[in-house]
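Chemist: need a structure here:
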Amino acid sequence: MNFTLRARVGVLGFSCALAHCTASSSGPGSGTFGSTTSSSSGGTGAGSGGNGSSGGTDEGADASVGNSSGASSGAAASSSGSTSSSSSEGSADDGGDAGACVGNEYPQTTFVNLAAPMLSALSPDENDAIPTDAGTPLAVPQGWNYYNISGAVCRDGSQAGIYVHTGTANKLFIYLEGGGACSSATFCSHNPAAVAQAFSGGAPSQGQTVGDSLGSVTGGAYQAPYVPTAASGLTAAYSPGIFDFTNTANPVQDWSGVYVPYCTGDVHFGTADNVTIPGDDVLPAIPNQHFVGYLNMQKFIGHIVPTFPNVTQVLLTGASAGGFGAGLNYGMVQDSFGTIPVVVLDDSGPPFLTADLPACIQQQWRQLWGFNAALPSDCAECNNSDGSGLTDIVKYWHHKYPHARVGLVSTVQDEVMRLFFGSSNNNCATNNASALAVSGGLTGAQYTTGLDDLLAAYQCTGALATYYIGGMNPNFPNPTYHQHIFRSEFYTVDTDTGTQTMAQWTADLLSGTLDIDGP
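Modeler: All right, here's what the predicted structure looks like:
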């Protein structure tokens, strides 16, 4: 892919050929990461509380457009062809031309508080049994505790819960698992409906290709944090990316961690209970489905915040459906932690613009999974009459939290996301996973355009970092593979034109340096 993208970061206009561009910002401890909030009546079940904040309080940040200070430095091309620039994170003050940046289109200055109701801290001495129908106890990985969370349920009505790892640093990452989505009978058949269901393959191949993602989710595998595996015979040792606490290159090596299994089929954002999934000419209708991912997340966060009262930074991350979930639940998590900065890292769940993700599929998700009740009640840009606006929650987040930072990892022709987004083809003519697997869903070119449009729209905010993998690097010659941060490629240089590993890129994101790397 040889093309030039022109964008503005703060007051600095620059051109970069999608190699390695950097926007430096103040570190995670600077500024205020709350927003000016009004009532605590946003979203379903939104309550008061949070770490250092309470519903209806002013958390300190002026949310008006262009309120962040802009700083610039000269861009210099390195010998490797990369360019860099500096700006204050979240700045979009470009000398009066803020209308050119999609993140700054709305005059809103106060926002509803989305903080989850605070619950009890989790005991480090507790380690619950993982729910299973098989009767045989499932092993909790060493270094983790499992907690069944009261009131949290999976799609099939079974108990839902979370895993917790206690590190030595006063920082926390929250990982949302992926695993497809339950949007039709055939898609549901390839989506875990309980914690004790998962795709096979583990960290090396779980959900990596369409074949891996359309396999069975029953028959032995269950959802649990990934762990390193030692070498055995001809099989080399394997590092599971951010879950490898033995790797000194891991930017969250010493952090505490929360692993959220995915068993609600609604990208962790649903509020619809007792739903019947219609048949799709291959499989019959599926009754009594519980799409309550958002309601579960409120309960999880309600326990997580008091469990880690002294954290100074939070990374909210996930892959595939978990990447979507991280982006959609960002406001609830940030408001719950109050002034503690929450950084989002979305692996393979890009919030495409409506031009690349038609209104019909956004409308389907809203109606099926109950998204409207989870969206902020004051997000005008999130609700259009044709059903579009769902991914415009990104604009709302940027406006409410001008200091926020978001990182996106993706291959440029991700085959699994092309299958899933392919449901939007021909005005959402089919949502049959089998038929879409044959047709291929979106073309590779369509998907690449969607990623490019996303970058072109939001790079001007100074709040976005990207790691786009083009498949021309011999370290990772797979431009269609899906999900990366829990795999070994987290520690290799994967982009065609970049010089940094995904781990280094993540460390930069966490420290406030926003890199545009790849493809």
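
Chemist: Quick check on the residue lying closest to residue 261 once chain neighbours are set aside: phi, psi?
Modeler: Excluding its sequence neighbours, the residue lying closest to residue 261 (CB to CB, 6 or more residues apart in numbering) is residue 223, at 3.9 Å. (Glycine included, C-beta is placed from N, CA and C.) Residue 223 adopts backbone torsions of phi -80, psi 130, taken as degrees, to the nearest 10.

Chemist: And the helices in the stretch 301-450 of the chain?
Modeler: Secondary structure of the stretch 301-450 of the chain by DSSP state H, counting those that start in this stretch: the helices cover 321-328, 330-337, 359-369, 393-400, 415-421, 425-428, 433-439, 444-458.

Chemist: Go through the fifth one and flag the buried ones.
Modeler: Taking 16 or more other CB atoms under 10 Å as the basis for neighbour counts, the residues of helix 415-421 that come out buried are 415, 416, 417, 418, 419, 420, 421.

Chemist: Residue 409 contacts residue 348, doesn't it?
Modeler: Yes - applying CB atoms under 8 Å, one finds residue 409 in contact with residue 348, separated by 6.6 Å.

Chemist: what residues are shared contacts of these two?
Modeler: Residues touching both residue 409 and residue 348 (CB atoms under 8 Å, 6 or more residues apart in numbering) are residue 484.

Chemist: Which one of those two is surrounded by more residues?
Modeler: Using other CB atoms under 10 Å, the more surrounded residue of residue 409 and residue 348 is residue 409, with 29 against 25.

Chemist: name the element residue 107 belongs to?
Modeler: If you go by DSSP states H and E, residue 107 is not part of any helix or strand.

Chemist: What count of nearby residues applies to residue 176?
Modeler: 31.

Chemist: pretty sure it contacts residue 326?
Modeler: Yes - proximity of residue 176 to residue 326 meets the contact threshold set by CB under 8 Å, at 5.6 Å.

Chemist: Do you know the pLDDT at the residue nearest to residue 261?
Modeler: For residue 223, the model assigns a pLDDT of 95.

Chemist: measure it to residue 211 for me?
Modeler: Shown here: residue 223 relative to residue 211, a distance of 20 Å by CB to CB, to the nearest Å.

Chemist: Residue 447 is in contact with residue 412, correct?
Modeler: Yes - Residue 412 is within contact range of residue 447, at 7.1 Å (criterion: CB under 8 Å).

Chemist: Quick check on residue 223 and residue 211: which one has the bigger neighbour count.
Modeler: For residue 223 versus residue 211, neighbours defined as other CB under 10 Å are more numerous around residue 223 (23 against 11).

Chemist: State the distance from that one to residue 143.
Modeler: From residue 223 to residue 143 the distance is 16 Å (CB to CB).

Chemist: mind checking the longest strand of the protein?
Modeler: Using DSSP state E, we find that the single longest strand of the chain is strand 145-153.

Chemist: buried sites along it?
Modeler: In strand 145-153, counting by 16+ other CB under 10 Å, buried: 145, 146, 147, 149, 152, 153.

Chemist: Turn the helices of the stretch 301-450 of the chain into TSV, columns for mean pLDDT and distance to residue 120.
Modeler: What follows is the helices of the stretch 301-450 of the chain, written out as TSV (pLDDT from 0 to 100; distance: least, CB to CB, whole Å):
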stretch	mean pLDDT	distance to residue 120
helix 321-328	98	24
helix 330-337	98	15
helix 359-369	97	29
helix 393-400	94	28
helix 415-421	95	37
helix 425-428	91	43
helix 433-439	86	40
helix 444-458	96	38
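
Chemist: Let me have those in JSON lines, adding distance to residue 190 as columns.
Modeler: Shown next, in JSON lines, are the helices of the stretch 301-450 of the chain (distance: least, CB to CB, whole Å):
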{"stretch": "helix 321-328", "distance to residue 190": "12"}
{"stretch": "helix 330-337", "distance to residue 190": "27"}
{"stretch": "helix 359-369", "distance to residue 190": "16"}
{"stretch": "helix 393-400", "distance to residue 190": "26"}
{"stretch": "helix 415-421", "distance to residue 190": "10"}
{"stretch": "helix 425-428", "distance to residue 190": "19"}
{"stretch": "helix 433-439", "distance to residue 190": "6"}
{"stretch": "helix 444-458", "distance to residue 190": "20"}
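
Chemist: what's the closest of those helices to residue 204?
Modeler: Each of the helices of the stretch 301-450 of the chain has some distance to residue 204 by CB to CB; the shortest is helix 415-421, at 15.7 Å.

Chemist: who's in contact with that closest one?
Modeler: Residues contacting helix 415-421 (CB under 8 Å, 6+ apart): 180-181, 207-210, 213, 320, 348-350, 352, 357, 361, 410, 433, 436-437, 440-444, 446-447, 450, 480-483.

Chemist: need the contact list for residue 131.
Modeler: Contacts of residue 131 (CB under 8 Å, 6+ apart): 148, 158, 159, 161, 194, 195, 196.

Chemist: Only the buried subset of those, as a PyMOL command please.
Modeler: In PyMOL, this line selects whichever of these come out buried by 16+ other CB under 10 Å:
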select buried, resi 158+159+161+194+195+196
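
Chemist: Which ones among the contacts of residue 131 map onto strands?
Modeler: Checking the contacts of residue 131 against DSSP E, those in strands are 148, 159, 161.
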